[in-house]
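In: no sequence on this one, just coordinates:
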């Protein structure tokens, strides 16, 4: 078994071992994975954070030892809510850009450093860790930082994100791990019967005509929801679903509300 870590800002994960294959998710800087298979320059990987699997270009794979992987697997420090963060290599003058939701391996709070193998990085921003106080406010604040981010199937970054990638990253920024896909996220938590009883930070799910869960968003105050549809946007929500005030139409049909906080 081989192990790797994302040494690039964003690594696309594809459904098949080809650049032409659809992107199903992304690995953000500092997230680690197992390499299960290799095929003609491609690696089939299992992501530690959410157990997702897919293919990445082997040229984007930075290998680490099993010991480092085990230590990384227990590391739980993330970057701040800032959309883009600049980190500095200790041995190089050129700064390096990472996005919110990236992981800082072996972060030293006193020295403001983290490391991958022998490479030391400096990060002077605020880190995100699990917050017990005002968690709902923290989640909604993090979500609002993504407003106008373009929709991107498989995306998990402020440069492009899909609906379940959005909810996953927002929760990750607050130290809460949830699965990658909408169909997995809907299995979590306690069901809320009425929109009026939902609280900011709760997840709301929507279905299609066949009853399949196809969309998810995060409840805000004042009967509003933030979700990724075309872009990350704030719309109204009621017992029917999401109402787009610009088009004066309902765009998504409400299926269930889940409280997992």
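Out: Alright, I've got the coordinates. All values derive from a computational prediction rather than experimental measurement.

In: just after the helix or strand where residue 4 lies, pick out the following helix or strand.
Out: Assigned by DSSP states H and E, residue 4 belongs to strand 2-5. For strand 2-5, the succeeding helix or strand toward the C-terminus, using DSSP H and E, is strand 10-14.

In: which other helices and strands contact the helix or strand just after that following strand?
Out: Under the assignment DSSP H and E, the closest C-terminal helix or strand after strand 10-14 is strand 23-28. Using 3 or more Cβ pairs under 8 Å, 6 or more residues apart in numbering; DSSP states H and E as the contact criterion, the neighbours of strand 23-28 among helices and strands are strand 10-14, strand 42-47, strand 53-57, strand 156-157. Any C-beta I mention is one placed from the backbone N, CA and C, and that applies to glycine too.

In: for residue 125, what are its contacts?
Out: Contacts for residue 125 were tallied using Cβ atoms under 8 Å, 6 or more residues apart in numbering; they are 79, 80, 82, 85.

In: mind giving me the ChimeraX command for buried ones among those residues?
Out: Buried members of these, defined by 16 or more other Cβ atoms under 10 Å, are picked up in ChimeraX with:
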select :79,85
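
In: count the neighbours of residue 200 for me.
Out: By the measure other Cβ atoms under 10 Å, the count of residues near residue 200 is 19.

In: apart from its neighbours in sequence, what residue is nearest residue 126?
Out: Once its chain neighbours are removed from consideration, residue 126 has its nearest residue in residue 80; the separation is 4.0 Å (Cβ to Cβ, 6 or more residues apart in numbering).

In: settle this for me: the one you found is touching residue 138, isn't it.
Out: No. With contact taken as Cβ atoms under 8 Å, residue 80 and residue 138 are classed as non-touching, separated by 11.6 Å.

In: ok so, going back, tell me the SS of the residue nearest to residue 126?
Out: Three-state secondary structure (criterion: DSSP: H, G, I helix; E, B strand; the rest coil) places residue 80 in coil.

In: what helices or strands is the helix or strand of the chain at the bottom of the mean pLDDT ranking leaning on?
Out: Considering only helices and strands, the least confidently modelled element of the chain by mean pLDDT, DSSP states H and E is strand 84-89, at a mean of 85. When contacts are defined as 3+ Cβ pairs under 8 Å, 6+ apart, strand 84-89 packs onto strand 95-99, strand 119-122.

In: list the neighbouring strands of it plus their orientation.
Out: Each strand pairing with strand 84-89, determined using DSSP bridges, is listed with its direction: strand 95-99 (antiparallel), strand 119-122 (antiparallel).

In: pLDDT of the first one, averaged?
Out: Going back to what we said before, that points to strand 95-99. For strand 95-99, the mean per-residue pLDDT is 90.

In: tell me what the strand holding residue 4 is packed against?
Out: In this structure, strand 2-5 packs against strand 32-39, strand 62-64, helix 66-73, with contacts taken as 3+ Cβ pairs under 8 Å, 6+ apart.

In: closest to residue 154 out of those?
Out: Closest to residue 154 of those, according to Cβ to Cβ: strand 32-39, at 15.6 Å.

In: now do the closest one against strand 23-28, angle only.
Out: Relative orientation of strand 32-39 with respect to strand 23-28: 130 degrees, computed using axes from the mean of the first three to the mean of the last three Cα atoms, to 10 degrees.

In: who does residue 252 form a beta bridge with?
Out: Beta-bridge partners of residue 252, counted by DSSP bridges, are residue 242.

In: burial of it, as a residue count?
Out: When neighbours are counted by other Cβ under 10 Å, residue 252 registers 25.

In: name all residues that make contact with the most centrally placed residue in the chain.
Out: For the chain, residue 169 is the residue whose C-alpha lies nearest the centre (Cα atoms, centre = their mean; 2.7 Å). Contacts here follow Cβ under 8 Å, 6+ apart; on that basis residue 169 touches 100, 101, 156, 157, 161.
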